[in-house]
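> everything below, folded, please.
(one chain, ligands or ions: 2)
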Amino acid sequence: MATGGGWAPARSVERHGAPPPRGGGGGGTRSKSVAPGPRRPSPSPARSRPAPDNGGSSDSCRVRVSVRLRPKNSEDLAHGSDFDSCVELQPESKRLKLKKNNWSCESYKFDEVFSENASQKRVYEVVAKPVVESVLEGYNGTVMAYGQTGTGKTYTVGQLGKDDPSERGIMVRALEHILSSMSFETDRVAISYLQIHLQRSSRIKEENSSLSNDTHNIFPDDLPLVLKSKLLIVDLAGSERIDKSGSEGHMIEEAKFINLSLTSLGKCINALAENSPHIPTRDSKLTRILRDSFGGTARTSLVVTIGPSSRHYSETSSTIMFGQRAMKVVNTIKLKEEADYEILYKKMEREVDQLTSEMERQQKLIKSEKMQLDKKFKESERSFHDLRMTSNMRIENLEKEKCQLESTVKTLMRDLEEEKGQKNLLSEQIAELEKLLNKNKQQQLENLSRTKILTDTTKEHEKEMEELLRQLQEERHCSSSLKDRMSVLQQELCDAQSSAQLQESMARELEKKLTKVTEELTSQVQSLKEKISELISEKEVIYEELKSTQEKVQQEMWQRQGLEDQILRLERSTSDNYAEESKTSYGMVRSGSGLGNAAFVSKSGKIREALSGQRGTISKIFEEVGLPNVLALLKSEDLDVQIHAVKVVANLAAEDINQERIVEEGGLDALLSVLETSENTTIHRVTAGAVANLAMNGSNQGVIMNKGGARLLANVSSKTEDPQTLRMVAGAIANLCGNEKLHLMLKQDGGIKALLGMVRSGHADVIAQIARGIANFAKCESRVISQGHRKGRSLLIEDGVLTWMVANSTRFSASTRRHIELAFCHLAQNEDNTCDIIASGGIKELLRISRESPRDDTRNLAKKALDSNPAFLREIQ
Ligand code: ADP
Ligand code: MG
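Ligands and ions are numbered 1, 2, ... in the order given. Next up is the predicted model:
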C-alpha cells in the first residue's frame, strides 16, 4: 500500500534494504551455508554442500525480485478519462514510481525493472538464466510470476512463441538451456506441468573436500553419487480480488481456493520477511510446493507483473508490496548429493555376471583339460598293456627256446655219457687186449698185424670222441648266449613295468590337481552366491524400508488433508459469522469515478504499517481506535488537534473500503461542517482532500450532493487562492462529475461554475483536475444522451465551459490537452450542441483534433462527429 493521502505532498520512500540477519546463526548442520542456518535439516542419506559464495556478498541468496510493466492494451486505451498511467519506470536506478493520484506518488526499488519495451530474451537472461545455471550445478531453483490477471504472467513464463521465436517465454527458453547443457549419457531430466524434477551424475573425489569425516564414512570414495536438483517455473493465478476476477458459481469457489493459496503465500512471505519464528507453509498446497523456494534451499527469482492503468491502482500497489516483501526473503542454497544405489546395484550385478561367466569359462577349461588327461591316461594304459603283452609273449618264447635248448643239452650230455661209457668199455677192452698181447708176446709175431689193426681202430675211436667233445662245447656256448638274451629281455620287461608305474603316478597327480582346482572354484562360486544373496536381502530390506516409509508418508498426507479440510471448514464458518456481524470491506463497491483509487497510509509508522497490510488490518484499526472518537476530535477547540483529526479522517477516506463507513458514521457531516465553519487554510485544504477521497465512492457521491457538498466546495473555491486547496476542491468536483445522475444538481449548486472559475489560479495541477472533471462530465453526459435518457444541449455550455475549451485547448500540458480534446469530442456527438459549437468557432478545433490529436480514439471521435453531422459538413465546405 502506498503512503500519502489526498492531502499529502508527494514524496519518495526507500523500500529496499539489505536483508536482516536471521536468528541464531543456525548452527548444528554439517554443511556450511552462505546465509545463516537452514530451517530444516537435510534428510539422510543425501548430503548437502553449500553454494559457492558469490563474491562474499551477504545477500547473495536473497530472493531476487524484478518488476515488469505490460504495454497498454486496447482496454486501457478505451477507458477514456482513465488513460493516465499510474506507473512510471526509472530503469537506470531500478526504481518504480507508483502514482496514487495526481498529487501523490511512491518510489520503490527492485532488483530489476522491465519497461513495456523489454524483450522476452532480456527478461529470461536477467530473471531465469542465473537460476537455470544454478540448477545445472545441482541447486534447486524457482522462477515465479506474480501479478493481477492480464498483466503478463503467462506471457512472461509460458509464452510458446510458435510463430515468432523471439516471443518465447521463460519456460521454453529454460528447457532449451537445460537440454543444450546436459549430457544424455550421464544426466537425466524429467518434466511435469509444474516442475522441471534435473539429475546429474558425478563421482566426487575431492582432495580438499569441504565434507566432514563422518560424511566420508557414510559414502566410500568410489560410491557413485548423483546431484539432484529441480527447477520450478510457476505461473500463478491472478492476485486480484474475487470481485475483479469475474468468477461466478463453481468458478467462484475455485477462485476462493486460489485466493486462499495466494493469501497463504503472502502470509509466508510476510513471516519470512519479518524473521517470524513460525512460517505457516502448511496452510496451502501452493505454499507447501514453494516451501523450498522461499526461505528454503532454492535459488529463487520472482517477476512481478503489473499493468499501467490507474483503474487497477490497488492491485498494482499490492503486487508491488508483495514484491518488496519477497525481496527480504533470504534462502540458503545448497547442493544435494545422493548415493546412487541403483547404479551401485547395477555395477555389482554386472560384476557378479562377469565373475559367473569367468567361473563357467574356467570350469569348461578344466573339464577339457581333464578330458585330455583322461584320454592320455587311457592311451598310456593301452600302450602299457600292449607292451606287457608283447613282453609276456617274448618271455614265453624265450622260455620255450630255453626249454628246447635245455632238452637238447640233456640229450647231448646223455649221448656224451653214452660215448664215455663206450670209451671206458673200449679202454677196458684195450687193457684186456694188451694183457692178451703180453700173454701172447710169443705170439707177437703172429699177432703183430692184429695189434696194428687194433691201434688204428682205437685212433679212429679217439677221433670220433674228440669230434663229440667239440660238439658238446658248441652246444654249451649256444646255451650261454641264449641265457644272456633272456636276461636282456627280462631287463626290458622290468623297464617297461617301471615306466607304466611312472605314468600311473603322473595320472594320479593330475587327478589330485584337478580335484583341488574344482574345489577352489566351487568355493569361489559359493562365496559369490552368498554375496549375491546378501545383496539381494539387503535390497529387500531397503525395499521394505522404502515401502513402510511410503505408507507412513501416505498416512501423514491423509491426516494432513483431513486437518486442512477441517481448518478450511472452520475458516469458512468464521468468515461467514464475521460477515454477518459487521459490515466488512468485502461487500463494498469500488468507485467508478476517474480520480483513481487513492490509498492511504499515515505519516505515523504504526498506522502506515497497519494500513499497508491487508484490508482486515485496516478494519482492525477502526475497531481499536474507534471511528466515532476520531470524528469527535474534528470538533475540537484545539486547532492542532482538529487539523490532525482531519488528516487522519482524510487518510482513512483514501482507502476505498473505509469510504462508505465514514459516511455512515457521520464523518461526512462532520467534514462538511468543518469546511463551512473553519477559516483555517490547512483545514480547508485537508478537508477538501478528504471529501475528494469520499467522492471517489459512487454511493457516497449522491450523499455529498444531497448534503450541499457541491455548494460548500464552490464557496471554498471562491474564498481561497491557495493552489493546493484549489487542487483538492477541483479534484472533489471532478469526481462528482463522473456521476451522470448528479449532473443537473451539480450545475444548479454552482459546481460547474466553480470548477471553471478555478482556472484563474493558472496552476497546472489545478487545471489538470478541472480538465479531468470536464472530461468526466462530458463523457457521462454523452453516454446518457446517446442512450436516449436525456435530451437538450449540454449543461456545460451555459456556464461557459465550451467557449473556454475552444479558446484554451492547445495551451496546457499534454495530458490536460487530451482531457479537453476528449471532452470537446463528446460534446460534438450531441446534435443539440451543434449551434453552440459552430458559434464558438469549434469546427476548426474539431477539424484540428480529427487530424492532430495524438490519440487514435480521440481522432476517431472527432471524425465521427464531423462525418455524422450535416451541419458540420456544410460549415467545412
Ligand atoms: P496473465 O497471465 O497475467 O493473466 P497474460 O500473460 O495472459 O496475463 O497477458 C494478457 C495479455 O497481454 C495477453 O494477450 C498477452 O499477450 C499480453 N501481454 C502481456 N504482457 C505483454 C508484453 N510484455 N508484451 C506484449 N504483450 C503482452
Ligand atoms: Mg495467465
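> ok, which residues in the stretch 201-350 of the chain are in contact with ligand 1?
Residues of the stretch 201-350 of the chain found near ligand 1 (Cβ under 6 Å from any ligand atom) are 238, 305. No exception for glycine: its C-beta is placed from N, CA and C like everyone else's.
> for the stretch 201-350 of the chain, which segments count as strands?
225-228, 231-235, 299-306, 334-339 (DSSP state E, counting those that start in this stretch).
> just the chain next, same as before
47-50, 64-69, 87-90, 95-101, 104-109, 112-114, 141-147, 187-188, 199-202, 225-228, 231-235, 299-306, 334-339 (DSSP state E).
> okay, buried residues for the third one please.
Translated: strand 87-90. By 16 or more other Cβ atoms under 10 Å, the buried positions in strand 87-90 come out as 87, 89.
> can you pull the residues of this structure lying near ligand 2?
Contact residues (Cβ under 5 Å from the ion) of the chain with ligand 2: 153-154.
> mind showing which ranges of the chain have poor pLDDT?
For the chain, applying pLDDT under 70 flags the ranges 1-60, 80-84, 193-196, 198-223, 241-258, 444, 447, 563-623, 625.
> give the residue farthest from the middle of it.
Gln442 (166.8 Å; Cα atoms, centre = their mean).
> residues touching that one, list them.
Neighbour list for Gln442: empty [criterion: Cβ atoms under 8 Å, 6 or more residues apart in numbering].
> quick check: it vs ligand 2, distance?
Separation of Gln442 from ligand 2 (Cβ to the ion, to the nearest Å) stands at 185 Å.
> ditto for Leu744
Going from Leu744 to ligand 2 by Cβ to the ion gives 44 Å.
> quick one on the thing from earlier: any idea how far the residue farthest from the centre of the chain lies from ligand 1?
Distance of Gln442 to ligand 1, computed by Cβ to the nearest ligand atom, to the nearest Å: 186 Å.
> look up phi and psi at that residue.
Here is the backbone geometry of Gln442 (degrees, to the nearest 10): phi -70, psi -30.
> measure it to Ala431 for me?
20 Å (Cβ to Cβ, to the nearest Å).
> how about the stretch 751-877 of the chain: which residue is closest to ligand 1?
For the stretch 751-877 of the chain and ligand 1, the shortest gap (Cβ to the nearest ligand atom) falls at Asp856, measuring 18.0 Å.
> ok, that residue - contacts?
By Cβ under 8 Å, 6+ apart, Asp856 lies in contact with Leu77.
> Asp669 against Lys707, yeah?
Yes. Asp669 lies in contact with Lys707 (Cβ atoms under 8 Å); the separation is 6.8 Å.
> those helices in the stretch 101-250 of the chain, which residues are they?
120-123, 129-136, 153-158, 170-181, 213-218, 242-245, 249-273 (DSSP state H, counting those that start in this stretch).
> identify the residue of the protein closest to ligand 1, quick one.
Gly152 (2.7 Å).
> quickly list what the residue nearest the centre of the chain is bridged to.
Nearest residue to the geometric centre of the chain (Cα atoms, centre = their mean): Leu231, 1.7 Å. Leu231 has these beta-bridge partners by DSSP bridges: Gly141.
> ok, back up a step: just the strands of the stretch 201-350 of the chain: most buried one?
Most buried of the strands of the stretch 201-350 of the chain, by mean neighbour count (mean count of other Cβ atoms under 10 Å): strand 299-306, with a mean of 26.
> now for that one, which elements pack on it?
strand 64-69, helix 129-136, strand 141-147, helix 153-158, helix 313-326 (3 or more Cβ pairs under 8 Å, 6 or more residues apart in numbering; DSSP states H and E).
> ok, now which ones touch whatever residue of the chain ends up closest to ligand 2?
The minimum distance from the chain to ligand 2, using Cβ to the ion, falls at Thr154 (3.3 Å). By Cβ under 8 Å, 6+ apart, the contact set of Thr154 is 145, 169, 235.
> switch the cut-off to 10 Å
Residues in contact with Thr154 (Cβ atoms under 10 Å, 6 or more residues apart in numbering) are 145, 169, 171, 235-236, 305.
> scan this protein for its longest helix.
helix 444-581 (DSSP state H).
> related to what we said a few turns ago, so the residue of the chain closest to ligand 1 sits against Glu167, correct?
No. Using Cβ atoms under 10 Å, Gly152 is not in contact with Glu167, being 11.9 Å away.
> quick one, which of these two is more surrounded?
Using other Cβ atoms under 10 Å, the more surrounded residue of Gly152 and Glu167 is Gly152, with 24 against 15.
> dihedrals phi and psi, Ser813?
The phi and psi values for Ser813, taken as degrees, to the nearest 10, are phi -60, psi 160.
> how close does it sit to Val729?
From Ser813 to Val729 the distance is 20 Å (Cβ to Cβ).
> what of Ile876?
Between Ile876 and Val729 the computed distance is 39 Å (Cβ to Cβ).
> same drill for the two, tell me which one is more crowded.
Ranked by neighbour count (other Cβ under 10 Å), Ile876 and Val729 place Val729 first, with 32 against 11.
> from Ile683, how far off is that one?
On the measure of Cβ to Cβ, Val729 and Ile683 end up 13 Å apart.
> and Val123, by the same measure?
49 Å.
> neighbours of Ala78, just the number please.
10.
> wait, isn't it in contact with Asp857?
Yes. The criterion here is Cβ under 10 Å, and Ala78 meets it with Asp857 at 6.9 Å.
> phi first, then psi, for Ser293.
When quoted as degrees, to the nearest 10, the phi and psi of Ser293 stand at phi -80, psi -30.
> excluding chain neighbours, give the residue nearest to it in space.
The shortest distance from Ser293 to any non-neighbouring residue, by Cβ to Cβ, 6 or more residues apart in numbering, is to Thr142 (3.5 Å).
> so what's the residue nearest to Lys153 when sequence neighbours are not counted up against?
Spatially, and ignoring its direct neighbours in sequence, Lys153 is nearest to Ala145 (3.8 Å; Cβ to Cβ, 6+ apart). Going by Cβ under 10 Å, 6+ apart, Ala145 touches 68, 127, 151-158, 169-170, 233-236, 302-305.
> change it to 7 Å
Ala145 is in contact with 153, 156-157, 234-236, 303, 305, counting by Cβ atoms under 7 Å, 6 or more residues apart in numbering.
> run through who's touching stretch 525-545.
Under the criterion Cβ under 7 Å, 6+ apart, residues 345, 348, 352, 355-356, 359 lie in contact with stretch 525-545.
> pull out the buried members of those.
With neighbours counted by 16+ other Cβ under 10 Å, the contacts of stretch 525-545 contain buried members at Leu355.
> show me the contacts of stretch 525-545 that map onto helices.
Among the contacts of stretch 525-545, the ones falling in helices (DSSP H) are 345, 348, 352, 355-356, 359.
> which among those residues gets closest to Ile191?
Ranked by distance to Ile191 (Cβ to Cβ), those are led by Tyr345 at 26.1 Å.
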